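>>> sequence-free structure coming up:
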């Protein structure tokens, strides 16, 4: 009988702990004990999706539509085990555990990790709410406390995220992933020993934040007398998935043509600049920055690239016989009228983008795309898309680069960038501007960050500094086909069905990573070796490439692309289904500075100048203008 009682007791303990996640806890002191703890008693699911309603002001987890009071309720029971009345106090903390640096510096005994202050942790959103008073508990009596909290942006209420006196919590949105819960209970003597910067997480110690998770689990707080620390490593998992059918908001200030007649010709109920869409729409139309260096002299030819019979031989003819003076000097264009090349389908909950066809006399290679409106720091970004095919039946490239990428988020003010700076570069500094050259100034901090999938037709190998022509010498003799219809090199032909999946991190040439270097170097991860390429020490990005069949990625009904952005690494994956993704790129903080600021997601179909991709077998200027629209569809975005 005693044996069965013991088994039942153990099972009860297991149920208690499993309902609250794995817990590191000191549940008892000499004077009082924690006898029960229940987190999120009003929300039973293990996963919660961020509510985009009202999220332009910042996400809150949970929202008022997800629980009755817009908070997670919790309760706990404490018992006074002493022979005297006790006055007790408590405080709660939460922390994102999926995307964080270790709390404790494993290389330095007793110190906080140098980047632990960057971790996303909070308490009650009013940081002036310190330890709450439980009340006086008589000897050998129990007391149950009921309270609530929610996860909010800018949880430390840092001044740098304020604008004109308003707390822009959206500038440091809650992170996706798993969250832990820390409950601390102390008596009056113990409370006096807890530093003010732990009681109020807005405060600094020696110009830096100290994480309460470090303090209570590894630091001085671990040894506090008469202090109970209950740590639950996971109480909720947070994900995000914007509704792509909720419309496209137009920011008119981004268009140079906003004052021209007919600017609003393509406005609709689901694509406009109304207050309703400002609050509701999860995406905007993306307007590319077009640098003058993108200019090229294009052949004045329009072709139905996929429905016609445009061949390698025809490409070679255009390349050979159109002189510079007979070509059309163009820059890649951006939309002059909003909503003309982007559509939000509220029935199928998808975004449709298109590169519009060209007409004689109205020559255009116009870029198109969408950008999300809610930023995050870190996350596993997975998109389900059907973007335009890139190669036709003769495996000639249409000149489009399909891109899925992240970029740093801007602020409200015209020059408001200080809130979203990357952490300081401790060696050489960052190149100051995205577009600057070799002589650009180096600075300690910058806002610019970018992580890319760029998928196009280019060579799989790392190019050298001097590029031999892909084509051999040829002669412009119309009556001698072999003189101009030259064959591509064998190392290019073997990949004729393939396109390059280029995975890039823009680190702004910070030399801090221990293996930072220029040139081409191998990087191995999960049994795969990639060649990471950087042109020179001042080049602002590093790229790996993976060759894949165009028909596999863009000839199907849809395909998945994933950027797994973590504090110390970035992993790129693709696959036919979300549960069948495979790795195609990897860069970590030993070779490149990983971005740590808040970013937005962009999906585009764009006409690159192929001078950016030396060795490409097809040059943009020799590729005809499109006779038909190139259409892309975005079905799903998840961040987790």
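Cool, the structure landed. Bear in mind the structure is a predicted one, so any value in this text is a computation, not a measurement. Residues are numbered from 1 along each chain as shown.

>>> can you give me the mean pLDDT across stretch 87-103?
Stretch 87-103 carries an average pLDDT of 98.

>>> how about that stretch: buried residues?
88-101, 103 (16 or more other Cβ atoms under 10 Å). Placement of C-beta: from N, CA and C, glycine included.

>>> what about residue 146, neighbour count?
10 (other Cβ atoms under 10 Å).

>>> What of residue 323?
The burial count for residue 323: 9, using other Cβ under 10 Å.

>>> Next one: it from residue 317, what distance?
13 Å (Cβ to Cβ, to the nearest Å).

>>> Kindly report the same for residue 277.
48 Å.

>>> thinking again about what came up before, pull the most distant pair out of the buried residues of stretch 87-103.
Distance extremes for these: the farthest pair is 88 and 99 at 33.8 Å, using Cβ to Cβ.

>>> any chance you could map the helices in the stretch 451-600 of the chain?
481-484, 490-493, 550-554 (DSSP state H, counting those that start in this stretch).

>>> Off-centre distance for the second one?
Centre-to-centre, helix 490-493 and its host chain are 35 Å apart (Cα atoms, centre = their mean, to the nearest Å).

>>> which outside residues touch it?
Helix 490-493 has contacts (Cβ atoms under 8 Å, 6 or more residues apart in numbering) with 459, 461, 470, 487, 617.

>>> Among the residues you listed, find the lowest-pLDDT one for me.
residue 470 (61).

>>> Tell me the spacing between the nearest residue to residue 308 once chain neighbours are set aside and residue 357.
Nearest residue to residue 308, sequence neighbours excluded (Cβ to Cβ, 6 or more residues apart in numbering): residue 627, at 7.4 Å. Residue 627 sits 6 Å away from residue 357, going by Cβ to Cβ.

>>> so what's residue 451 closest to, chain neighbours aside?
residue 406 (4.5 Å).

>>> Who is the one you found paired with across the strands?
residue 451, residue 601 (DSSP bridges).

>>> ok, now how distant is it from residue 55?
Distance, residue 406 to residue 55, by Cβ to Cβ: 18 Å.

>>> More neighbours: these two, which one.
Taking other Cβ under 10 Å, residue 406 and residue 55 do not tie; residue 406 has more neighbours (26 against 22).

>>> contacting residues for the more buried one?
In this structure, residue 406 makes contact with 381, 449-452, 563, 565, 595, 599-602, judged by Cβ under 8 Å, 6+ apart.

>>> Repeat that for residue 628.
304-307, 357.

>>> Could you measure from the residue lying closest to residue 553 once chain neighbours are set aside over to residue 383?
Closest residue to residue 553 apart from its sequence neighbours, by Cβ to Cβ, 6+ apart: residue 559 at 5.2 Å. Using Cβ to Cβ, residue 559 is found at 9 Å from residue 383.

>>> Residue 276 too?
On the measure of Cβ to Cβ, residue 276 and residue 383 end up 26 Å apart.

>>> nearest to residue 74, of the buried residues of stretch 87-103?
For the buried residues of stretch 87-103, the closest approach to residue 74 (Cβ to Cβ) belongs to residue 92, at 7.4 Å.

>>> Next SSE downstream of the strand or helix carrying the closest one?
Assigned by DSSP states H and E, residue 92 falls within strand 86-96. Sequence order places strand 121-122 as the next helix or strand after strand 86-96, per DSSP H and E.

>>> residues of the following helix or strand past that next one that come out buried?
Remark: after strand 121-122, the chain's next helix or strand is strand 132-137, criterion DSSP H and E. Buried residues in strand 132-137, counted by 16+ other Cβ under 10 Å: 134, 137.

>>> Rounded mean pLDDT for strand 132-137, please.
96.

>>> Stretch 107-117 too?
90.

>>> Identify all contacting residues around it.
Counting by Cβ under 8 Å, 6+ apart, 100-106, 208-211, 213-214, 218-219, 423, 567 sit against stretch 107-117.

>>> Kindly recompute the last result at 10 Å.
95, 100-106, 119, 156, 204-205, 208-211, 213-215, 218-220, 423, 567-568, 596 (Cβ atoms under 10 Å, 6 or more residues apart in numbering).

>>> In ChimeraX, how would I select just the buried ones from those residues?
Entered in ChimeraX, the line below selects the buried ones among the contacts of stretch 107-117, by 16+ other Cβ under 10 Å:
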select :95,100,101,103,104,105,119,156,209,210,211,213,214,215,218,219,423,567,596
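
>>> Which segments of this protein make up each domain?
Per the record, the chain has its domains at 17-239, 282-411+421-639, by automatic domain parsing.

>>> what would those domains look like in CSV with distance to residue 252?
Output for these, formatted as CSV (distance: least, Cβ to Cβ, whole Å):
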stretch, distance to residue 252
domain 17-239, 17
domain 282-411+421-639, 7
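
>>> before we move on, the earlier item: same list (the helices of the stretch 451-600 of the chain) but as TSV, adding mean pLDDT, mean neighbour count and distance to residue 445.
Output for those, formatted as TSV (pLDDT from 0 to 100; neighbours: other Cβ atoms under 10 Å; distance: least, Cβ to Cβ, whole Å):
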stretch	mean pLDDT	mean neighbour count	distance to residue 445
helix 481-484	80	13	53
helix 490-493	84	12	42
helix 550-554	98	19	37
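
>>> which among the contacts of residue 628 end up buried?
For the contacts of residue 628, buried by 16+ other Cβ under 10 Å: 305-306, 357.

>>> Please dump these into a markdown table; it should also carry secondary structure for every row.
A markdown table is the format used below for these (DSSP: H, G, I helix; E, B strand; the rest coil):
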| residue | secondary structure |
| --- | --- |
| 305 | coil |
| 306 | coil |
| 357 | coil |
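
>>> any idea which of those is closest to residue 126?
Checking the buried ones among the contacts of residue 628 against residue 126 with Cβ to Cβ, the nearest one is residue 357 at 56.1 Å.

>>> pLDDT averaged over stretch 522-532 - what is it?
For stretch 522-532, the per-residue pLDDT averages 94.

>>> for the stretch 351-500 of the chain, which spans come out with low pLDDT?
Where the stretch 351-500 of the chain drops to pLDDT under 70, the residues are 413-415, 464-476.

>>> What ranges does it have for its strands?
Ranges of strands in the stretch 351-500 of the chain, per DSSP state E, counting those that start in this stretch, are 368-372, 379-386, 400-408, 430-431, 442-443, 450-456, 498-506.

>>> just those strands: most buried one?
Of all these, strand 430-431 has the most neighbours on average by mean count of other Cβ atoms under 10 Å, namely a mean of 26.

>>> Can you give the strand pairings for that one, parallel or anti for each?
Neighbouring strands of strand 430-431 in its sheet, by DSSP bridges, are strand 442-443 (antiparallel).

>>> Name the residues that touch stretch 422-431?
Under Cβ under 10 Å, 6+ apart, the answer for stretch 422-431 is 114-115, 118, 408, 421, 437-449, 506-514, 516, 537-540, 593-597.
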